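S.K.: Fold the stuff below for me.
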Amino acid sequence: MLRYDPYDVEIDNDPYPVWKRLRDEAPLYWNEQHEFYALSRFDDVERGLVDWQTYSSAKGSILELIKADIELPPGLVLFEDPPQHDVHRLLLSRVFTPKAMNALEPRVREFCARALDEFVGAGGFDFVGDLGAVVPMLVIGMLLGIPEADQIAMRDAADERLHLDTEKPIDVDAIAETFADYVDWRAEHPSDDLTTKLLTTEFEDEHGITRTLERTEVLMYVNLLAGAGNETTRRLIGWTGQLLADHPDQRRELAADRTLVANAVEEILRYESPSPVQARVVTRDVEHYGQPVPAGSIMLLLNASGNRDERHFRDPDAFDIHRRIDHHLAFGYGLHFCLGAALARMEGRVVLDEVLNRWTDWEVDYERAVLDHTSTTRGWLKLPIVTA
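M.R.: Take a look at the predicted model:
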């Protein structure tokens, strides 16, 4: 029997065989237990991500959040449709330009050096705990202006909310309060950081009113940026360590020719997408593969499945740093394409480059490695490696 359950840890350990069966046998899949449909082929997922009018994010982009049917506060740009989405995204897009993100590269290299130098000659380290969980936290903390002493507690509080649990209630107020004290302090002590810009920048909202963001909107922005900036990039770094340990010939190619690093990051993103599933609410009656999907249904868009679709990628289950990729779906597509994509790509490239500056050989200690399971991401919680 073909069964896909996003909360099943055994499936989540290796979802690709199930997703391949979905693509081949049930390109429109219905899960009666959790009451959702799912699209798994590249073209279907891409069209769904682009067509925001039909596949809406206004109720959230996470299955359990949509099913909770709660009123979402403004500022969670991932959970909005136009025109509100466009206003809020524009504020962030002025900051998260590729040029601005690439200008951060020297600081990111400093953070990497701080994280890695102590392990030179130590015989190994945790690719996630000592690197993937550290560098993105320092980067997003720097952007938001959060003191380093407070970053770990705030990161861990955000992480705690993400673990797979269909029964755990979603407390939006608690989410907002994670950064409340810091935002209130920053309002009294402005600086040259993103939080200050969010508090002070005037804009014209969807009603034509010129104003600054309300406190709740700022809190949602900061939570979104801290969560997304930490979590998905951590997963990217973890997959980098594991995939290149398992493909030593390609790792040594990268060590010898750093011009290959940027494309290797794209292949890592395609092969193991850190955010593999996006949920939407269907706003009108539609049909897929001869089957009706009524308005009001929940649709899961399996972007990580699309990234392994042989209809779009040749030999998709092979990891190949030389692969020519026109585009993948790891960062979404269309309206909600990840604002932090340029930052994540740069961090992934710099981290890999700095690791290779210190080690060209490593192996994963799989007996101590732990794969994490959350409602929105997939990746390693612990990835101890042994270095030569």
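
S.K.: Identify the residues contacting the closest residue to residue 241 other than its chain neighbours.
M.R.: In space, and not counting its chain neighbours, residue 241 is closest to residue 127: 3.3 Å by C-beta to C-beta, 6 or more residues apart in numbering. Where you see a C-beta, it was placed from the backbone N, CA and C, and this is true even at glycine. For residue 127, the contact set (C-beta atoms under 8 Å, 6 or more residues apart in numbering) comprises 237, 238, 240, 241, 242, 380, 383, 384, 385.

S.K.: ditto for residue 129
M.R.: Taking C-beta under 8 Å, 6+ apart, we find residue 129 in contact with 382, 383.

S.K.: Make sure it is indeed in a strand.
M.R.: No - Residue 129 is assigned helix when assessed by DSSP: H, G, I helix; E, B strand; the rest coil, not a strand.

S.K.: Just the pLDDT at it, thanks.
M.R.: Note for residue 129: predicted pLDDT of 96.

S.K.: Also residue 255?
M.R.: At residue 255, the predicted lDDT confidence score is 98.

S.K.: That one and residue 360 touch, don't they?
M.R.: Yes - applying C-beta atoms under 8 Å as the test, residue 255 and residue 360 come out as touching, 4.1 Å apart.

S.K.: ok, these two, which is more surrounded?
M.R.: residue 255 (19 against 15; other C-beta atoms under 10 Å).

S.K.: For the more buried one, list the residues it contacts.
M.R.: 356, 360.

S.K.: next SSE after the strand or helix carrying it?
M.R.: Taking DSSP states H and E as the criterion, residue 255 maps to helix 248-256. With elements assigned by DSSP H and E, the helix or strand that comes after helix 248-256 is helix 261-271.

S.K.: Would you indicate which residues of that next one are buried?
M.R.: 261, 263, 264, 265, 266, 267, 268, 269, 270, 271 (16 or more other C-beta atoms under 10 Å).

S.K.: go on, stretch 42-59?
M.R.: Along stretch 42-59, these residues count as buried under the neighbour rule (16+ other C-beta under 10 Å): 42, 44-50, 52, 54-59.

S.K.: Among those residues, which are located in helices?
M.R.: Members of these lying in helices (criterion: DSSP state H): 42, 44, 45, 46, 47, 48, 49, 50.

S.K.: Which single one of the residues you listed is nearest to residue 315?
M.R.: residue 42 (14.4 Å; C-beta to C-beta).

S.K.: Retrieve the pLDDT associated with that closest one.
M.R.: 98.

S.K.: got a list of what it touches?
M.R.: For residue 42, the contact set (C-beta under 8 Å, 6+ apart) comprises 306, 307, 309, 311, 312, 313, 329.

S.K.: what's around the first one, how many residues?
M.R.: So that's residue 306. 31.

S.K.: quick revisit: I'd like the distance from the residue nearest to residue 241 to residue 234, if you could.
M.R.: 10 Å (C-beta to C-beta, to the nearest Å).

S.K.: ditto for residue 23
M.R.: In terms of C-beta to C-beta, residue 23 sits 28 Å off from residue 234.

S.K.: out of the two, which sits in the more crowded spot?
M.R.: Counted by other C-beta under 10 Å, residue 23 and residue 234 do not tie: residue 234 has more neighbours, with 28 against 22.

S.K.: can you give me the strands in the stretch 251-388 of the chain?
M.R.: 278-282, 286-288, 291-293, 298-301, 362-364, 370-373, 378-382, 384-387 (DSSP state E, counting those that start in this stretch).

S.K.: Quick check, residue 63 in contact with residue 6.
M.R.: Yes - if you go by C-beta under 8 Å, residue 63 and residue 6 touch, sitting 6.4 Å apart.

S.K.: Give me the common contacts of these two.
M.R.: 34, 277, 300, 375.

S.K.: So which of the residues you listed is the closest to residue 209?
M.R.: Comparing these against residue 209 with C-beta to C-beta picks out residue 375 as the nearest, at 35.0 Å.

S.K.: Next, work out how far apart that closest one and residue 77 are.
M.R.: 19 Å.
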